[in-house]
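Undergrad: sequence and predicted structure, then a few things I'm wondering about:
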Amino acid sequence: MEWRDITPAEAEQNKYFGLSGWLLVFYMLAVLGFLASFGSLLSLSALKEVFGDGYMIIAGLGVVQGLLYLPFLILAPQKNPLMPKAAISAMWLSVAVTAIAGMFVNPSQMMGQLIFSVVVVAFFAWYLKNSKRVNVTYRHRVPVEADGDAAG
């Protein structure tokens, strides 16, 4: 899709400007993911039963993954233009951390989580790249229609 740059003032007047729609859904899911990533710390004994000696790695992984939600959680409401790139980078780093943690724990236990993470992050990255709302709000640009006019 081709895009045309607009001014920040034009972006604010566009119907797609702001943190709502699917972007708000993703934001709420990220809040839940952030909270859940620290939930494993509440029951270290349960982690020890499932992962054995690697339970501290899994607990640490939860903390790191939780912290990697922060670029999206902080920058999205601020309408900061860095949000799309920062969120995509942080989420792919989370996948890499999961893969590395899987090498130190039973890899077969981590494979399902890793595959799920790759699918979710790939979809999220695609959304942040192609969403009209994200492009209007954070990149101040609108799609160019076939006749050369910008959609609005």
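TA: Received, thanks.

Undergrad: hey, let's count contacts and neighbours off CA atoms from now on
TA: OK.

Undergrad: sec struct for the closest residue to Leu41 other than its chain neighbours, please.
TA: The shortest distance from Leu41 to any non-neighbouring residue, by Cα to Cα, 6 or more residues apart in numbering, is to Ala59 (6.1 Å). Taking DSSP: H, G, I helix; E, B strand; the rest coil as the rule, one finds Ala59 in the helix state.

Undergrad: what count of nearby residues applies to Ala59?
TA: Neighbourhood size, Ala59 [other Cα atoms under 10 Å]: 21.

Undergrad: just the helices from this protein, written as ranges.
TA: Using DSSP state H, the helices of the chain run over 8-13, 21-39, 44-51, 55-67, 70-78, 83-104, 107-130, 132-139.

Undergrad: please identify the most buried of those.
TA: helix 132-139 (a mean of 24; mean count of other Cα atoms under 10 Å).

Undergrad: you'd agree Arg139 is up against Pro81?
TA: Yes - applying Cα atoms under 8 Å as the test, Arg139 and Pro81 come out as touching, 5.8 Å apart.
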